[in-house]
Structure formats: structure tokens, C-alpha cells
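Chemist: model this:
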Amino acid sequence: MADVSQNDKVVQRISGDMRRESIRSRGRRDTEGHVSFYPLCCSQRLVLAIIGFLGFLNLYALRVNLSVAMVCMVNYTAIENTNNVSELLMSAADKQREHDCAGNVENSSRASEDGEFVWDKTKQGLILGSFFWGYLVTQIPGGWLSERFGGKRVFGYSMLLTAVATLLIPIGARCSWILLVFLRVVQGLGEGVVFPAMHSVWSHWAPPLQRSMLVGFTYAGAQIGNVITLPLAALLCEYGFDGGWASIFYIFGLYGLLWCAAWMLIVSDTPHSSRWISHDERHFIEHSLSGQMAKDIKDDYIPWRIIWTSPRVWAITVAHTCSNWGTYTLLTNIPTYMKEVLHFDIKENGLFSAVPYIGFWLGINVAGITADYMRSHGFSTTFVRKLFQTIAMVGASAFLIATGYMDCTQPGAAIILLTCAVTLTGLQYAGFIVNHVDIAPKYAGILFGISNTFATLSGIFAPYVVGVVTKNSTQRQWQTVFYITATIMMAGAIFYLIFGTGDLQPWAKEKEEISDTEIKNSQEMVEADLAKGSTEKNDNCVTRM
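Modeler: Okay, here's the model as predicted:
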């Protein structure tokens with residue numbers, strides 16, 4: 001009986017091992033034995049996409065939380081109101097619109113508590129804009145560091161730096177506004193490397209026909225970060241501890257630290273170096289990227305001159321810069337537009353400012369799934385990238401122009417049009433956003449660093465132009481803002497249509513690595529040639545005899 005029981009245990013253990021192996025070996029192999037498909041469900045690629053999504057949620061939460069907190073931090077009563085001159089400069093039509101909306105303004109007004117800092121508009125602008133000073137500097141170095149040392153460490157350590165700087169903001173603000181500016185610059189330095197680093201990671205992990213979906217899903221976390229941060233920060237402002245506003249930075253900073261720990265534990269630079277991935281999934285990814293990427297991070301020569309002179313790289317850069325003009329115009333000025341033109345109060349402003357970014361998130365994911373479906377059904381990568389980029393920029397431009405004709409008597413229509421514009425902007429994530437990985441996957445981090453360096457200039461100049469144009473805060477001036485934005489975005493779409501491509505560039509191809517099978521086949525061929533030569537020699541000897 002003991003022997004039978006022992007045999008049963010052995011059989012059960014073997015059966016369990018076989019079941020576990022069958023679960024892990026879910027790949028479909030082709031006639032040559034390569035894993036040609038591995039499902040996304042429960043894969044390490046999906047895990048990477050989810051933790052990357054949470055990382056970009058954290059990224060934008062740490063970026064925009066000060067925009068909300070500033071409302072609670074500043075003592076507006078102590079700042080002189082200078083709007084009287086603006087009223088004298090308004091046109092008759094603008095004055096009539098203001099008269100029609102007077103009831104809305106009175107109904108939407110509410111008492112608000114002043115903060116502890118007396119910062120005028122100039123100081124507030126410097127504090128909010130100082131983030132981009134640091135953000136601009138680290139784009140290209142971030143791409144180079146990611147290709148040199150791997151995107152995992154660059155992303156993880158930079159977000160750790162940003163989280164620590166966020167935790168120090170309450171102390172810095174209470175010491176000096178200059179120290180607060182310094183901390184914002186540090187945040188920008190940390191966040192500037194994140195997009196290039198994530199591009200570098202996905203260049204090793206994303207199979208070509210899943211690239212749009214995986215990258216788009218990851219970066220969509222940024223928009224969910226906006227949606228969550230705006231209302232949550234407003235609640236913390238009113239009900240949080242340490243004055244309310246300070247709790248915003250403590251809570252979001254702590255979340256950043258926890259995310260960094262999870263990222264460093266779970267993520268690897270490449271499938272080859274991952275300890276969590278199955279053998280079949282690793283084989284599938286590496287085989288799908290054969291000829292495009294090496295298995296490990298290498299210290300390869302970087303063709304800087306070719307990169308800087310490539311029309312394909314400049315097509316992405318111009319599209320990125322023009323698109324960011326629209327993105328940053330909306331990101332930094334939607335609340336201002338809703339306040340000055342639609343006359344929403346702070347509570348309504350916070351709610352409706354978040355609505356367009358729900359559409360943005362939806363547009364990103366729909367575009368990613370649809371783009372990959374089209375590519376897997378015969379459409380070329382170039383056609384798909386240009387299609388989605390054109391719809392994103394031209395469509396958003398049309399809705400922005402229409403939004404400019406809405407006033408405070410049509411708030412519902414204005415929100416719908418604005419949401420449509422922002423939603424269509426999300427389609428660019430199946431356009432130029434992922435195009436760096438298409439044309440040069442092994443240099444994707446560097447290429448994104450280059451394009452985002454120029455695109456960050458839009459983040460610096462677009463809000464300034466809006467401020468100059470909308471000095472009197474009239475609807476007519478906001479129409480001008482939307483026309484300028486639409487013109488720039490359409491120019492970028494035309495440039496990308498002419499020079500853009502989705503094809504892998506010759507200077508970005510990976511040298512083919514010689515596999516063990518190829519070495520074995522070569523040895524067999526050599527041995528066969530030697531044997532054939534020996535046989536022919538013996539036949540000649542026999543003939544002579």
C-alpha cells in the first residue's frame with residue numbers, strides 16, 4: 001500500500017508539472033519551430049503595460065498637482081485687481097455678451113478662502129513655468145542614457161527624484177518662492193527623461209503588430225492622471241491636512257515612492273533579462289523583433305549625423321512640435337477659457353476641465369487597437385500612421401475653431417466641441433507618438449528625446465502667446481487663439497504627410513546575430529564538404545589504379 005501511495009504522489013507531481021508547463025507554454029509555433037504567437041492575456045507584456053500606465057498616471061499627477069494647489073496657496077485678496085482697464089477696452093459686442101452672462105456669473109460665484117502666499121501673476125507664472133526649464137534639458141540625454149544603460153533604471157530613478165522633490169514642495173514654498181521654483185526645475189529634470197526611457201523599454205518589448213496598442217495604453221495613463229488629479233487635488237485642498245494644499249504633495253509624492261519600488265522589482269529592460277517572463281513569450285518577442293533589436297542592451301555606435309539629417313526624423317519632430325502646441329494650449333488654458341468665456345465657477349471648472357481628458361484617454365486606446373488591427377490586415381504602417389495623424393490634427397483643428405464661436409450662453413455646446421477636439425487629439429498616439437519605434441526601434445529613446453525637446457518649446461511659448469492674445473479675456477481674443485492653434489496643427493499634419501514613413505530605416509537595422517542552429521548547420525555543411533572531397537579523392541585514386 002505504501003508503494004502504491006508513493007507512486008500516486010509521483011504521478012500527481014508529474015501531472016502538476018505538466019499542467020503548469022502547459023499553462024506557461026501557450027505559444028503557437030510555425031513550421032520552423034519559432035513561436036509565432038503568444039497571447040497578451042496574463043503575459044509579461046501586459047504586466048509591463050499596466051505598471052507603465054500607473055507610472056504615467058503618477059507622472060502627470062506630479063506634474064499638474066501644483067496647477068490645482070496654486071488656487072489654494074495664493075492669497076488673492078492681497079493681490080490688487082487690475083481688470084478695470086480691460087473693461088474699458090472691450091468692444092460693444094463683447095460688453096453685450098458680458099451683460100447677457102451677468103446672471104451666470106452671479107449664480108456661479110462663491111466665497112473662497114485665501115491661501116497663505118502673496119504671489120502676483122508674474123511669480124505664479126514663473127513657478128508654474130519653471131517645470132519646463134528642467135523638462136527641456138533632459139530630453140536628449142534621457143534618450144541616450146536609456147539606450148546606454150536601459151530604460152528601466154532611467155525611468156525608475158528619475159521618478160524617484162521627482163517624488164522626493166514633490167514631498168519637499170510644502171517646505172520649499174514656506175521657505176521661499178525661489179526654492180519652490182528650484183524644486184519645480186528638479187521635477188522637470190526628472191520627468192524629462194520618462195518618455196524617452198519608456199520608448200526605449202517598449203522598443204525591446206513590443207511586437208510590431210501590438211506596438212500601437214501597448215504603447216498607447218501605457219501613455220494613456222497620463223490622461224487618467226489628469227482626470228484623477230484635478231478633482232482629487234481640489235478635495236484635498238479643501239479637506240486635507242496641513243493647510244489642505246500641502247496634503248496634495250504629500251499624498252501624490254508617497255504614491256510616487258510606492259510606484260518606484262514596484263517598477264524596479266517587476267520590470268526588466270529586455271525580455272532576455274526578465275526573470276518573470278515565460279520561455280515561449282520571450283522567444284515570441286525576440287523572434288518578432290529579429291533584425292530590429294538585439295537581445296540585450298548594447299553600447300553601440302549611434303549615427304548622430306544621419307539621425308539629425310533624416311527627413312523621416314524631422315517629419316516626426318515637426319508633427320510632435322505642432323501637435324504639442326495644441327496639446328499644451330488646451331492643457332494649460334482649458335480652465336482659464338472656461339472661467340473667462342463660459343464663466344464657470346471653480347467647482348464647475350474643475351469638473352468640466354476633466355471631461356475632455358476622459359475623451360482623450362478613450363481616443364488613445366481606440367486608436368491603438370484600430371491601428372494594430374489595420375496593420376495586421378494588410379494596411380501598411382506608413383498609411384496607418386499618416387491616416388491617424390491627419391485625422392487627429394485636422395479634426396481637432398476644426399473642432400477648436402468651432403469652439404471659438406461658443407460663448408457663455410452656449411456652455412453645453414462649447415464643452416461638447418472642446419471634448420471632441422481633445423478626443424481626436426488622442427488619435428495621434430497611433431500616429432507620430434509610436435512612429436519613433438517604427439523607423440528606428442534601437443534608437444527610439446534618442447529619437448523621442450530629440451522630437452520632445454523641440455515639442456517642449458511649444459509648452460513654453462504656447463501659454464505665453466495665449467496670455468498676450470487674451471489680455472482682455474474676450475471671446476473674440478479666444479477665437480484668435482484657436483485659429484492660431486489650428487493653423488499650426490494643420491501645418492504639422494501637411495509636413496508629416498509629405499515626409500513621414502512607417503518603414504524601418506536602413507541605418508537603424510540590427511546586425512543579424514548567428515544563432516546556435518545556424519552555427520550547427522554551418523558545421524554540418526563544412527563536414528559534408530570535407531566528406532565529399534575525401535570521397536572524390538579516393539575515387540580518383542581508384543581510377544588511376
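
Chemist: which residues are contacting the one helix or strand Leu235 maps to?
Modeler: Using DSSP states H and E, Leu235 sits within helix 221-239. Contacting residues not belonging to helix 221-239 are listed as 52-61, 63-65, 68-69, 71-72, 244-245, 247-248, 251-252, 331, 346-347, 350-351, 353-354, 357-358, 360-361, 364, 426 [CB atoms under 8 Å, 6 or more residues apart in numbering]. The way it works is simple: take the backbone N, C-alpha and C, and place the C-beta from them, glycine included.

Chemist: filter these to the buried ones?
Modeler: 52-61, 63-65, 68-69, 71-72, 244-245, 247-248, 251-252, 331, 346, 350, 353-354, 357-358, 360-361, 364, 426 (16 or more other CB atoms under 10 Å).

Chemist: So, low pLDDT: which residues of the chain?
Modeler: By pLDDT under 70, the low-scoring segments of the chain are 1-38, 75-114, 121-122, 291-300, 332, 335-336, 345-350, 510-545.

Chemist: Now do the contacts for the residue most central in space within it.
Modeler: Closest to where the C-alpha atoms of the chain average out (CA atoms, centre = their mean) is Tyr219, at 3.6 Å. By CB under 8 Å, 6+ apart, the contact set of Tyr219 is 56, 198, 364, 429, 433.

Chemist: Tell me which two in the residues you listed are the farthest apart.
Modeler: Maximum pairwise distance in the contacts of Tyr219, criterion CB to CB, is 14.2 Å, between Met198 and Ile364.

Chemist: tell me how far stretch 283-291 is from the chain's mean position?
Modeler: When C-alpha coordinates are averaged (CA atoms, centre = their mean, to the nearest Å), stretch 283-291 and its chain have centres 24 Å apart.

Chemist: How about it, which residues are buried there?
Modeler: For stretch 283-291, by 16+ other CB under 10 Å, it's 283-289.

Chemist: Can you classify Trp308 by secondary structure?
Modeler: helix (DSSP: H, G, I helix; E, B strand; the rest coil).

Chemist: show me the contacts for it.
Modeler: Ile450 are the contacts of Trp308 under CB under 8 Å, 6+ apart.

Chemist: What's the separation between it and Trp314?
Modeler: According to CB to CB, to the nearest Å, Trp308 and Trp314 sit 9 Å apart.

Chemist: Check Gln477 too.
Modeler: Taken as CB to CB, the span from Gln477 to Trp314 is 33 Å.

Chemist: Verify the contact between Ile248 and Gly240 for me.
Modeler: Yes. Using CB atoms under 8 Å, Ile248 makes contact with Gly240 at a distance of 6.7 Å.

Chemist: thinking again about what came up before, which positions in the helix holding Leu235 come out as buried?
Modeler: Neighbour-count burial for helix 221-239 [16+ other CB under 10 Å]: 221-227, 229-230, 232-234, 236-237.

Chemist: how about those residues in JSON lines, adding distance to Ile266?
Modeler: Below are the buried residues of helix 221-239 laid out as JSON lines (distance: CB to CB, whole Å):
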{"residue": "Gly221", "distance to Ile266": "16"}
{"residue": "Ala222", "distance to Ile266": "20"}
{"residue": "Gln223", "distance to Ile266": "23"}
{"residue": "Ile224", "distance to Ile266": "20"}
{"residue": "Gly225", "distance to Ile266": "20"}
{"residue": "Asn226", "distance to Ile266": "25"}
{"residue": "Val227", "distance to Ile266": "25"}
{"residue": "Thr229", "distance to Ile266": "24"}
{"residue": "Leu230", "distance to Ile266": "29"}
{"residue": "Leu232", "distance to Ile266": "25"}
{"residue": "Ala233", "distance to Ile266": "28"}
{"residue": "Ala234", "distance to Ile266": "32"}
{"residue": "Leu236", "distance to Ile266": "29"}
{"residue": "Cys237", "distance to Ile266": "33"}
